[in-house]
Every structure is written in structure tokens, then in C-alpha cells.
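Novice: take a look and give me a structure for this.
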Amino acid sequence: MLPLLLVGVVAVRHRSVLAEGFGHLATARWPWLLAAAGATCLTWVAAACTRQGAVVERLPRRRLLATQFAAGAANHLLPTGLGASAVNLRFMTVCGLPLARSSAALALYLLAESVGRLALLGALLIAFPGALRLGALLPDAAVGPLLALAGAVPVVAAVALALLPRLRGALASFLRTALGEARSVHARPARALALWGGALAFPALQASVLVLVGRALGLDVPAGHMAVAYLAATVAVALVPTPGGIGSVEAALVVALVAAGGPAAVATAVVLAFRLLTVWLPLLPGALTLAALVRMRVI
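Specialist: Numbering: from 1, shown residues only. Below you'll find the model as predicted:
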């Protein structure tokens, strides 16, 4: 609740910019918005491809695609993607995969998605080195605490593993299962292509949605710079455990687009429209799909 409260305070302090951003939504060009809606639908297809690529067994395609749509709604109940992970874990176990292998496939999916997002961000930063003014995104005073946090996490993990032998044994068993699953998947070229192709396509399509919305609202920022802003913002907010990234994603995207050279009011309008297309409009049908899948015992 604390990140949401902080976002609320920031929203109140910048209510004039938000009001101006909402006003810009009326000037949106609909052909670009329709293209953005189409790209949003393709993100669920990319997610389904990645999920299929993480397991050797063939999953039922229609149910797999419906599960990805429903997982988006579940993602807003738990922080940092746990809702979608829980839905997909249940779906794989219902399909007959043992819990250990389902967990390994889930870990492989999360790893591939993270690597794909970071690889795409790195490639775009090489192609557009001046896309972001990092000083606006990361004040000098924040560098020290972030480095301290990054160094503390592995130390705490190492101490926990040293002091808890049962945890160490469970982790070793899980890693053996996960490595075996990864070898099995990569032994089949079709599965490896689905895994890594989907992992790259998913963030690319999401970035494309932001670019198309930016074009609809006349944001004067190059497409490559908008894509970099999106990827940098989503990588940054992965550390903020809000359900569905609500609040943290909006704030980070506005800051990133302004850092890329966009006016604050137009950047706010773009982010509002982007989140409306990708989060709020699919939320109710996604929740209904989730309920239907539960009643049908698909998950």
C-alpha cells in the first residue's frame, strides 16, 4: 500500500499536469489507437508462445491463450506478477505436469522474459545512445542506496542458505529439476524458438503499443526513444512490488518519456491512454474469463 500512497501524494501535487494530460486524450487520432489495440492483443499471443516454449509437452492452444488473457486480471490482485504466475502454475498442473516441473517451467519463462527485455533494452540503447537523459531518471543521491541494496541482496541470500540447510536442499533439488527441464526444452528447436522468440516479442509489442499511442497523441519523441523509455521504466519498476505495477509504472513512464524529450502534459496523456489500453479495458473481460476458466476447471 505504501507505493500506492506515495503515488497518490505525487498525483495530488501534480494534479494540474494530470488534468492537462486528460484534456489531451480528446485529441487522439483513432487509427493509431486501433493499431495499438491490435498490438495489445498480440502481446497475449506472445506470452502464450513463451509459456508453450517453456515446457516439452504440448499445451491446449485455445486454453493456453485464454489463460494468458485471464492472467492479466489476476496480476492485479498480487504484487510483482505473482497473480499471473499463480494462474499459469495452476493451468500447467491441471494439464498434467507435476508441480516440480510446472514450477521449473514457470522459472524458465520468467528468466526468458527478463533476459529478452534486458537484451532488447541493451540493443536499443546501443542503437539510440542518446535516447534517455539518465540524470533525470536517477539522481546522484539515489546511486549509493541502490548500489547498497544490490550488494545486500546476494549477501542476505547467501547467509540464509548457509543457516538453513533444509532451504539449501530444497533449492538444490529445484535447480536440478529446472536445469533438466531447460535442457529438454532446448533439445527441441521448435520449443526453444517459441520460448526465446516469444520472450523478445512480448516486450517489443508492449513498446510498440506505447509508440503507437504516442503517435496518436502527437508526442514529439522518436519511436526508438519511446521504446527505450518504456523498457527502461518497466525494468526499473520491477523492484517496486505494487499489484500490476499500478502507480509505479505510470510514474516511471511519465518520467522516462519526459527524460526522452517529451512535454510533461503530452507524456502524461500518452501514459494514461497506454495504461487504459493495456490494463483497464481488458481488466473486466479478463476477470470474467478467469472466473469462467475456474468454473470449467481449466485452472
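
Novice: what about the helices in the stretch 51-200 of the chain?
Specialist: 61-74, 82-94, 99-127, 134-137, 140-163, 165-186, 189-216 (DSSP state H, counting those that start in this stretch).

Novice: quick one, what contacts residue 119?
Specialist: residue 200 (C-beta atoms under 8 Å, 6 or more residues apart in numbering). All C-beta spots, glycine's among them, are computed from the backbone N, C-alpha and C.

Novice: check what pLDDT it gets.
Specialist: Residue 119 carries a pLDDT value of 94.

Novice: distance check, it against residue 296.
Specialist: When distance is defined by C-beta to C-beta, to the nearest Å, residue 119 is 37 Å away from residue 296.

Novice: so for residue 40, which of the helices of the stretch 51-200 of the chain sits nearest?
Specialist: Of all the helices of the stretch 51-200 of the chain, helix 189-216 sits nearest to residue 40, with 5.4 Å by C-beta to C-beta.

Novice: can you list contacts of the helix or strand following that closest one?
Specialist: Along the chain past helix 189-216, the next helix or strand (assigned with DSSP states H and E) turns out to be helix 223-237. Residues from elsewhere that reach helix 223-237 (C-beta under 8 Å, 6+ apart): 117-118, 120-121, 124-125, 127-128, 131-132, 137, 203-204, 206-208, 210-211, 214-215, 219, 221, 245, 248-249, 252-253, 255-257, 259-261.

Novice: from those residues, keep the buried residues only.
Specialist: 117, 120-121, 124-125, 128, 131-132, 137, 203-204, 206-208, 210-211, 214-215, 219, 221, 245, 248-249, 252-253, 255-257, 259-261 (16 or more other C-beta atoms under 10 Å).

Novice: distance of residue 48 relative to residue 86?
Specialist: On the measure of C-beta to C-beta, residue 48 and residue 86 end up 17 Å apart.

Novice: which of those two has more neighbours?
Specialist: Remark: of residue 48 and residue 86, residue 48 carries more neighbours, 23 against 17, as counted by other C-beta atoms under 10 Å.
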